[in-house]
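# I need the structure of the sequence given here:
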Amino acid sequence: MFTFGREHEKKCEARYVRNPSQIPLLLSVVDAVHDLIEGKGTEEDLKESLRKAFVEGGAGVWENTEKWLRKSSEDYPGVLELWSEFANHPKAEVRFRVACVLDRLPKPLFLVLSLQLVNDKSKKVHNMARERVKEVNVQNAT
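Below is the predicted model:
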């Protein structure tokens with residue numbers, strides 16, 4: 001997996017976090033990615049860091065965590081199972097975050113999770129999921 005290096009990535013990522021007290025959540029994701037690349041960490045360590053940042057992170061944290069999850073899944077496909085976990089999370093806020101990025105997920109996950117989230121009990125979640133499904137359908141039609 002290509003990165004610009006641990007310290008450069010950490011410096012860049014910190015700029016996107018609205019609440020400075022949450023910067024460590026995102027930096028732990030960057031560290032976990034680089035630890036795995038360097039052979040010092042495990043895929044489970046990465047998954048735990050991604051999980052914590054996506055679920056607990058606020059603005060700037062969860063969005064960039066989503067980016068790292070997608071990016072790392074190319075070399076470490078086991079992290080993709082987090083999407084199903086997040087889509088089944090008891091907090092609607094976490095399910096909403098998945099709905100926000102449905103269009104960025106690999107097609108097999110998109111197909112399964114979009115069916116689930118368009119029928120979510122939360123109005124906010126199912127409305128967002130429906131919008132993302134519409135966008136994918138429009139993109140596929142062109």
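
# who's in contact with A32?
Residues near A32 by CB atoms under 8 Å, 6 or more residues apart in numbering: 41, 45-46, 48-50. Bear in mind the C-beta positions are built from the backbone N, C-alpha and C, glycine included.

# check R18 too.
Residues in contact with R18, defined by CB under 8 Å, 6+ apart, are 58-60.

# rerun at 10 Å
Residues counted as contacts of R18 (CB atoms under 10 Å, 6 or more residues apart in numbering) are 58-61.

# what do you get for S73?
So S73 contacts 1, 50, 79-83, 105-106, 109 (CB under 10 Å, 6+ apart).

# among the residues you listed, name the buried ones.
50, 79-80, 82-83, 105, 109 (16 or more other CB atoms under 10 Å).

# residues contacting the top helix by length along the chain, please?
Identified as the longest helix of the chain according to DSSP state H is helix 123-141. Residues from elsewhere that reach helix 123-141 (CB under 10 Å, 6+ apart): 87, 92-105, 107, 110-111, 113-120, 122.

# what's the answer for stretch 33-40, then?
Here stretch 33-40 makes contact (CB under 10 Å, 6+ apart) with 1-3, 5-7, 9-10, 28, 31-32, 41-46, 49-50, 68-69, 71-72, 75-76, 79.

# returning to what we had before: filter the contacts of helix 123-141 down to the buried ones.
Among the contacts of helix 123-141, those buried by neighbour count (16+ other CB under 10 Å) are 87, 94-102, 105, 110, 113-114, 116-118, 120, 122.

# of those, which belong to helices?
Using DSSP H, 87, 94-100, 110, 113-114, 116-117 are the members of the buried ones among the contacts of helix 123-141 that sit in helices.

# apart from its chain neighbours, what residue comes closest to the one residue sitting closest to the centre of the chain?
For the chain, the residue lying nearest the average C-alpha position, counting by CA atoms, centre = their mean, turns out to be E66 (2.3 Å). In this structure, E66 finds its nearest non-sequential neighbour in V101, 5.3 Å apart by CB to CB, 6 or more residues apart in numbering.
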